[in-house]
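J.: here is a sequence with its predicted model. Questions after.
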Number of protein chains: 2
Amino acid sequence: MESPLSPYSHCILFTSNAFARTLSKISEPFFAELGLTTTQAFLLMSIVREPGISAGKLSEELILEPSTITRALDKMELKRLIYREYSGASTIVFAGPEGTKLEKDAAAAWGKIRLYYEGRFSKEITDRWASDLDFGTASLRNDLKP
Amino acid sequence: MESPLSPYSHCILFTSNAFARTLSKISEPFFAELGLTTTQAFLLMSIVREPGISAGKLSEELILEPSTITRALDKMELKRLIYREYSGASTIVFAGPEGTKLEKDAAAAWGKIRLYYEGRFSKEITDRWASDLDFGTASLRNDLKP
DNA sequence: TCAAGTCATTTGCTTGTACAAGCAAATGAT
DNA sequence: ATCATTTGCTTGTACAAGCAAATGACTTGA
């Protein structure tokens, strides 16, 4: 019989935060090597996947507040990874040449991270966790919507 | 066939962070009503459960860096919820009368949060998620240890 | 045509978390 | 007994993320 990691180990509020913090701490160095934060890496991948994507759509896709997207794009623009254009009320975003190049490294780093945790837990298990967490997030977001 | 929430929905780095952020956003108001952050609420519960617990043990129990514990305890001490004593190299922490009283409310708020998400997802499912996330965290922390 | 409304984005401010460096007590080896 | 190392906590600094308010740009109605 294992003693629990903590008195809160049966609470998903606690365990999901602890898990996210811990996995993030392991993953960050993979992107930091490229001079990117994790959020910036995901942004870069989204922008290369869909050139001209709007800030609002990036906010939805990454499930981050618009202001967080703005700040991250500010920093990426300063480093000439991306540039913004203003299309009516919307801001649309494109990767510059350096950004397009760096995105390949970001995607590779992301691949390494997935290999890492699939090696640690197996692909079947991590796929199920991802699916559960994705479903859980979508359900909770419905409660926040109206 | 559902379209995925995002292109990252099969990645547990992404989904665990998104889930933790979303559930935290829903939970925070329950504790904020008491003038507590989520971390402070868990700290208070730990301190009342084990009077004289050391800062280091709190750090392990909440899976947060020692410096994070220090700052949170600073704020709780300012509000006279807890007090610290210095026992050799260790700092040990006790709840004051107001802290002991407020802890009951914190525990009740925590109960409401659990009711909320168990109602949303069922107890069976949330228990399994918590157990998976707890196991995952423990495994990942082994990789960070040495 | 232009004033009000609406929507997307940005800005100002706050908070939580972390790393790195420092300090003080404890431990251990000679 | 003394000195070097380790352990535990705190402080300085940095940054991601969020909320709330402000801005800017289309749209609509008089």
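T.: Thanks, I have it.
J.: and the longest helix seen in chain A, what does it pack onto?
T.: Ordering each helix of chain A by length in residues (DSSP state H) puts helix A:97-121 first. Other elements packing on helix A:97-121 under the criterion 3 or more Cβ pairs under 8 Å, 6 or more residues apart in numbering or on different chains; DSSP states H and E are helix A:12-32, helix A:38-49, helix A:123-144, helix B:12-32, helix B:123-144. Backbone N, C-alpha and C define where each C-beta goes, glycine included.
J.: got the angle for it vs helix B:123-144?
T.: Taking axes from the mean of the first three to the mean of the last three Cα atoms, to 10 degrees, one finds that helix A:97-121 is oriented at 110 degrees with respect to helix B:123-144.
J.: ok so residue A:83 is a helix residue?
T.: No. Counting by DSSP: H, G, I helix; E, B strand; the rest coil, residue A:83 is not part of a helix but strand.
J.: now do it, the pLDDT please.
T.: Note for residue A:83: predicted pLDDT of 95.
J.: repeat for residue A:1
T.: In the prediction, the pLDDT value recorded for residue A:1 is 44.
J.: next one: residue A:89
T.: The predicted local distance difference test score for residue A:89 is 80.
J.: with residue A:142 instead?
T.: You'll see residue A:142 listed with a pLDDT of 86.
J.: number of nearby residues for it?
T.: Close neighbours of residue A:142, defined as other Cβ atoms under 10 Å in any protein chain shown, add up to 9.
J.: what about whatever residue of chain A ends up closest to DNA strand C, neighbour count?
T.: When distances are taken as Cβ to the nearest atom of the strand, chain A reaches nearest to DNA strand C at residue A:56, 2.4 Å away. Under the neighbour criterion other Cβ under 10 Å, residue A:56 is assigned a count of 14.
J.: isn't residue A:38 right up against residue A:27?
T.: Yes. Because the distance of 6.2 Å satisfies Cβ atoms under 8 Å, residue A:38 is recorded as touching residue A:27.
J.: the more surrounded of the two?
T.: residue A:27 (24 against 20).
J.: now for that one: which residues touch it?
T.: A:38, A:113, B:13 (Cβ atoms under 8 Å, 6 or more residues apart in numbering or on different chains).
J.: and what of residue A:85?
T.: The neighbourhood of residue A:85, defined by Cβ under 8 Å, 6+ apart, consists of A:52, A:91, A:92, A:93, A:94.
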